[in-house]
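Peer 1: prediction below, plus the sequence it came from.
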Amino acid sequence: NAHIQQLSDDGHQGLSSTTMKVRNPVPYRNPKNQFALTMVTFGIYGLYLHHQYSNEMKRYANIGKGGFKLWNLLFLLFAFALPFWMITRMFRFLRSTKQLEAQTGHATKLSFGFFLMWSLIGMVASGGTTLIMFLFPDLGGLEFIKTLAPAAVSMWAAFVPWKAFEDSLNTSWTLFFTRN
């Protein structure tokens, strides 16, 4: 077994196929196969694996709560609505911020178009940066830059609207509380 040989090579002593089968009730799972099965089943096998991993940790190591609970299943059933809920909250917050701006007498660039523009900029810039990083040659010890660059671009595209909200609120509250 290649897994047992790798563990022995890493300095673990007294391992054999026989001892692994007797002492380890948790089956060895090939990560490549698990990932492939998860992709092929569109994530359903991944849910099963999560349940199995959780049960095994609870049963054999007394870690965690075990497999799925009712609230896990409820979340999975309604998780698809979370992004829509967050978008709705963001637009309600935008509306409230614009009302506060109107009440304090100042205006900013906050609008639906502003958020749409920065969402598109973020998608295009992050995707473009990812593509450019994919085309870069091997960077050796600096390979992590290929991951950090698209993440930084994405964070920048999220920061600009966030900063606009913060600036608007700071100005609005200053005007609100300093007026007679």
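Peer 2: Yes, it's here.

Peer 1: residues touching L175, list them.
Peer 2: By C-beta atoms under 8 Å, 6 or more residues apart in numbering, the contact set of L175 is T104, G105, H106. All C-beta atoms are positioned from the backbone trio N, CA, C, and that covers glycine.

Peer 1: what helix or strand is it on?
Peer 2: helix 145-178 (DSSP states H and E).

Peer 1: what about that helix, distance to the chain center?
Peer 2: In this view, helix 145-178 has its centroid 19 Å away from the chain centroid, taken as C-alpha atoms, centre = their mean, to the nearest Å.

Peer 1: buried stuff in that helix?
Peer 2: K146, A149, P150, V153, S154, A157, P161, A164, F165, S168, L169, S172 (16 or more other C-beta atoms under 10 Å).

Peer 1: check the gap between the first one and T129 for me.
Peer 2: Look at K146 and T129: by C-beta to C-beta, to the nearest Å, they are 10 Å apart.

Peer 1: again with the fourth one
Peer 2: Noted for V153: a distance of 5 Å to T129, by C-beta to C-beta.

Peer 1: okay, now the unreliable bits of this protein?
Peer 2: Residues of the chain that meet the criterion pLDDT under 70 lie in 1-8, 10-28, 61, 63-64, 67-76, 82, 177-180.

Peer 1: what ranges do the helices span in this protein?
Peer 2: 2-9, 17-23, 31-40, 44-61, 70-78, 82-104, 112-135, 145-178 (DSSP state H).

Peer 1: tell me how far S168 lies from T38.
Peer 2: 43 Å.

Peer 1: and if you look at G128?
Peer 2: Using C-beta to C-beta, one gets 28 Å for the distance from G128 to T38.

Peer 1: ok, the two, which is more surrounded?
Peer 2: When G128 and T38 are compared for neighbours, T38 comes out ahead with 17 against 12, by other C-beta atoms under 10 Å.

Peer 1: the more buried one against G46, yeah?
Peer 2: Yes: using C-beta atoms under 8 Å, T38 is in contact with G46, at 3.9 Å.

Peer 1: tell me, what residue is most central in the protein?
Peer 2: Residue closest to the mean C-alpha point of the chain, counted by C-alpha atoms, centre = their mean, is A151 at 11.5 Å.
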